[in-house]
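Novice: Next one to model:
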Amino acid sequence: MRIRICVSLLAFFLTSCSAFAQTAARNVTVLRCSKLLDVRQGIYITNATVRIENGKIVSVESGNVPSPGVPRIIDAPGTCLPGLIDVHVHLTSDPEEGGFGYAELGNSVPRETIFGAKNARKTLMSGFTSVRNVGARGYADVALRDGINAGDIPGPRMQVSGPALTITGGHGDDNLLPYEYHHSGQGVANGPWAVREKVRENVKFGADLIKVLASGGVLSKGDTPGAPQYTPEELKAIADEAHKLGRKVAAHAHGTQSIKEAILAGIDTIEHSSLIDIEGIAMAKQHHTYLDFDIYNDDYILAEGAKHGMLPESIEKEKGVGRLQRENFRKAFQAGTLMGFATDAGVYPHGDNWKQFPKMVEWGMKPIDAIRAATLNGADIMGWSDKVGTIEKDHFADIIAVDGDPLADINVMGKVKLVIKGGEVYRNDFAARSQ
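Specialist: Reported below is the predicted structural model:
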């Protein structure tokens, strides 16, 4: 009898060990959320259980679901949300490291790549698990993306543009150096065939999308934000060539005319959109073009820009467009245009991306609208709606948790306590709290 019992116990033990080993081999994690925000429906799922295998979500259930044999269980007493998406960042720029004006001339491409590694980690730890990096010298953003994908450094999923396309003397040309240096920015190209060649070059060296500077800018020397730069013919050539090569196009466009010309050219997203008018808003809606308004960084530029090297003319230009941009943001939202979450991180310190959420609510959105801009809409802009932006089966396990209720108080988005990307835990302040 004793022998029979011992054999039975041994068989049970071996079966249990085998099941545990198989579960561990599949890299299984169970995340238990006190509340989980369904961003599609705008409702909470209470006591949600998310099962993750090999970096992807395999199930989302309500209630305390038994999880026998699971090697890792994570409890999130706050609110779980999809990993956030910022579709306009500059990780290789750093406002606190000589990122503006003449001080910027002292930064080499290798140095900016190091900035990128630091800022990628800060961005991820603040809950942003996917970003579009729109403009970087020397393809530093390509190297950064590849380093993250290889597991060399922590950071968000990235789509990158390489050098932004600009006209001679335009917003992206380097206008700080005098003539005797004979220097032009890396993205300079003029004329329809030259811009097509530049698109091809960027794709050759690893760009996931194309960034074009359709109008003047705030932080450049010698131009005005509202002035058109590329012509309609050039913009259409850029859009056609990029789309032929399977790349989307983001157009920096503050000016009223440039916004409309970019929309008509077939460009996918309009960045800044500061001086858009009612006609431009209607055109964006008609053509299903996303408008990306960076309405937080006006606060930072006016309060901190001068001490970090921004030119006096840049501060004056910001004073002229900042409030107008926010007023037009409200008009565009009320009209029902497609809108992303785009902050221009790198103008302000990385990791503070969340500070745009309260501004979006202040200027007309409900909290769920702002969160959808940074989840569902961001995923659509990046062409990744089947991968990120929601906590759903077969999506990447990119999940964050905040301490509080973001639908009641949007400032809770600045209280990120848990960050999971691809099933890997990068931050868990809840665990530290329970110890």
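Novice: ranges for the strands of the chain?
Specialist: 28-38, 43-53, 56-62, 72-82, 84-89, 128-133, 157-160, 209-213, 248-253, 269-272, 290-292, 399-402, 416-421, 424-428 (DSSP state E).
Novice: Buried residues of the fourth one, list them for me.
Specialist: The one in question is strand 72-82. Across strand 72-82, burial judged by 16 or more other CB atoms under 10 Å covers Ile74, Ala76, Gly78, Thr79, Cys80, Leu81, Pro82. (Each C-beta comes from the backbone N, C-alpha and C, glycine too.)
Novice: Run through the residues that contact the fourth one.
Specialist: So that's Thr79. Applying CB atoms under 8 Å, 6 or more residues apart in numbering to Thr79 gives the contacts Cys33, Ser34, Lys35, Leu36, Leu37, Tyr44, Ala401, Val402, Gly404, Asp405, Pro406, Val412.
Novice: What subset of those is buried?
Specialist: By neighbour count, with 16+ other CB under 10 Å, the contacts of Thr79 hold Cys33, Lys35, Leu36, Leu37, Tyr44, Ala401, Val402, Gly404, Pro406, Val412 as buried.
Novice: unless I'm mixing things up, the last one is touching Ala401, no?
Specialist: No: contact between Val412 and Ala401 fails when scored by CB atoms under 8 Å: they sit 10.6 Å apart.
Novice: Spit out the contact partners of Gly320.
Specialist: Gly320 is in contact with Pro225, counting by CB under 8 Å, 6+ apart.
Novice: any idea how far it lies from His254?
Specialist: Gly320 sits 10 Å away from His254, going by CB to CB, to the nearest Å.
Novice: Pull up the overlap in contacts between the two.
Specialist: In contact with both Gly320 and His254: Pro225, using CB under 8 Å, 6+ apart.
Novice: before we move on, back to that, now the strands of the chain in a markdown table, with mean pLDDT and distance to Phe357?
Specialist: Shown next, in a markdown table, are the strands of the chain (pLDDT from 0 to 100; distance: least, CB to CB, whole Å):
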| stretch | mean pLDDT | distance to Phe357 |
| --- | --- | --- |
| strand 28-38 | 96 | 13 |
| strand 43-53 | 96 | 18 |
| strand 56-62 | 95 | 24 |
| strand 72-82 | 95 | 11 |
| strand 84-89 | 98 | 9 |
| strand 128-133 | 98 | 12 |
| strand 157-160 | 98 | 20 |
| strand 209-213 | 98 | 24 |
| strand 248-253 | 98 | 21 |
| strand 269-272 | 98 | 18 |
| strand 290-292 | 98 | 15 |
| strand 399-402 | 98 | 11 |
| strand 416-421 | 98 | 12 |
| strand 424-428 | 97 | 19 |
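Novice: Turn the ones you listed into JSON lines, columns for distance to Ala189.
Specialist: Below are the strands of the chain laid out as JSON lines (distance: least, CB to CB, whole Å):
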{"stretch": "strand 28-38", "distance to Ala189": "44"}
{"stretch": "strand 43-53", "distance to Ala189": "45"}
{"stretch": "strand 56-62", "distance to Ala189": "40"}
{"stretch": "strand 72-82", "distance to Ala189": "37"}
{"stretch": "strand 84-89", "distance to Ala189": "22"}
{"stretch": "strand 128-133", "distance to Ala189": "20"}
{"stretch": "strand 157-160", "distance to Ala189": "18"}
{"stretch": "strand 209-213", "distance to Ala189": "10"}
{"stretch": "strand 248-253", "distance to Ala189": "14"}
{"stretch": "strand 269-272", "distance to Ala189": "19"}
{"stretch": "strand 290-292", "distance to Ala189": "23"}
{"stretch": "strand 399-402", "distance to Ala189": "39"}
{"stretch": "strand 416-421", "distance to Ala189": "36"}
{"stretch": "strand 424-428", "distance to Ala189": "39"}
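Novice: If anything else comes up later, I'll come back, but that's it for now.
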